[in-house]
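Chemist: give me the fold of what follows.
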Amino acid sequence: MKKRSVFFLCVSFFLFISSSLSAQIKYAVIPDNPRPGEPITIAVETELKQALLVRSEKQLAKADFFSIPGYMIAVLAIPSTVAPGNAVIVLENKIGILCEIPIVIGDRKFASEVIELNQTLTGIRTDPSPQRTHEANFLWAILTTNGDQIYHTGSFVPPVTSTRRTSFFGDRRVFQYSTGESDTSIHAGVDYGVPTGTKVTACGAGKVILARSRIVTGNSVVLEHAPGIYSIYYHLDKIEVQESALVNTGTLLGLSGATGLATGPHLHWEVRVNAENTDPDAFVARPIIDKETIISKMNK
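Modeler: Numbering: from 1, shown residues only. From the prediction side, this is the model:
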């Protein structure tokens, strides 16, 4: 009985300490009303391990915190498949849950499109290929790796000057194969309908993590901008940068084309946050780390 009393005393003390810390922690969550497919930036003044997006005890997304002067930052991406409604951001330190922040995920509608593929493009998408599998695994290993360098904290700039788009983020796609069969997918980025040879530039400062040809995406470039945050450029006619190079906003990455699985010349631009495909327009609309808004929310 004595051991049991000591155990419950320890548990009660831990819960009291956790509750006290939770009440004292200051945080900022941006934006106030996130939608499916959009990023959420969380800032705190205390050292934390990770942030989780949870609904009905199911984890929807996860992000590690990284440090900037004065704050710890985590950037979560709401999957585009999540239904609107209530959710919770759970903040954890090395011991466990420190704080829970309720949020409301807004409603969002996505367009649908049917894409007809000829025999060659059907083969690219359906034929078994060890090389294609290797390329997919290699890219996934990149996108699921969180570095410790911060190259860019501001807003992104579109990678081409044209505003003509042929596909949008989150489009629900049906691929109609030449065999008569079909398959579905969700478009992970935005497509700019630009002629072959159009200059494609870096949306923000970063490091070139990948610059090579791939079966499905053709000539491809991937930039790392901050821990867990990557931008991707597909179907290039020509690559103008090398892997491991550091680039600035506006640095020439390559020329647009129609390499890989492409029905015509275009640029596919994509942003990934902790491997989750995320709306690039959200990063154009606001900075990755908006210090003014963080300070304003912290002082409320």
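Chemist: how does the chain divide into domains?
Modeler: Per automatic domain parsing, the structural domains of the chain span 26-108, 112-285.
Chemist: which one of the ones you listed lies closest to residue 292?
Modeler: Nearest to residue 292 among the domains of the chain is domain 26-108 (10.5 Å), distances taken as Cβ to Cβ. To be clear about C-beta, it is placed using only N, CA and C from the backbone, and glycine gets the same treatment.
Chemist: quick one: mean pLDDT over the closest one.
Modeler: What domain 26-108 shows for mean pLDDT is 93.
Chemist: do stretch 258-277 as well
Modeler: Across stretch 258-277, the average pLDDT comes to 96.
Chemist: in a markdown table: the domains of the chain, plus distance to residue 297 and mean neighbour count.
Modeler: Compiled in a markdown table, the domains of the chain are given as follows (distance: least, Cβ to Cβ, whole Å; neighbours: other Cβ atoms under 10 Å):
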| stretch | distance to residue 297 | mean neighbour count |
| --- | --- | --- |
| domain 26-108 | 4 | 17 |
| domain 112-285 | 17 | 18 |
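Chemist: hey, what's residue 183 bridged with?
Modeler: residue 175 (DSSP bridges).
Chemist: before we move on, back to that, so which of the domains of the chain is nearest residue 296?
Modeler: Closest to residue 296 of the domains of the chain is domain 26-108 (Cβ to Cβ; 8.0 Å).
Chemist: gap between the closest one and the chain center?
Modeler: Remark: domain 26-108 is offset 13 Å from the chain centroid, using Cα atoms, centre = their mean, to the nearest Å.
Chemist: what is the end-to-end distance of that domain?
Modeler: Counting by Cα to Cα, to the nearest Å, you get 30 Å between the two ends of domain 26-108.
Chemist: spit out the contact partners of the residue positioned nearest the centre of the chain.
Modeler: By Cα atoms, centre = their mean, the chain has its centre lying nearest to residue 273, at 2.2 Å. Residue 273 sits next to 39, 63, 75, 76, 77, 228, 229 when contact means Cβ atoms under 8 Å, 6 or more residues apart in numbering.
Chemist: excluding chain neighbours, what is closest to residue 164?
Modeler: residue 193 (4.8 Å; Cβ to Cβ, 6 or more residues apart in numbering).
Chemist: please apply the same query to residue 135.
Modeler: For residue 135, the closest residue by Cβ to Cβ, 6+ apart turns out to be residue 214, at 4.8 Å.
Chemist: go on, residue 89?
Modeler: Using Cβ to Cβ, 6+ apart and skipping the chain neighbours, the partner closest in space to residue 89 is residue 101 (4.3 Å).
Chemist: quick one, what contacts that neighbour?
Modeler: With Cβ under 8 Å, 6+ apart, residue 101 has these contacts: 27, 29, 42, 88, 89, 90, 91.
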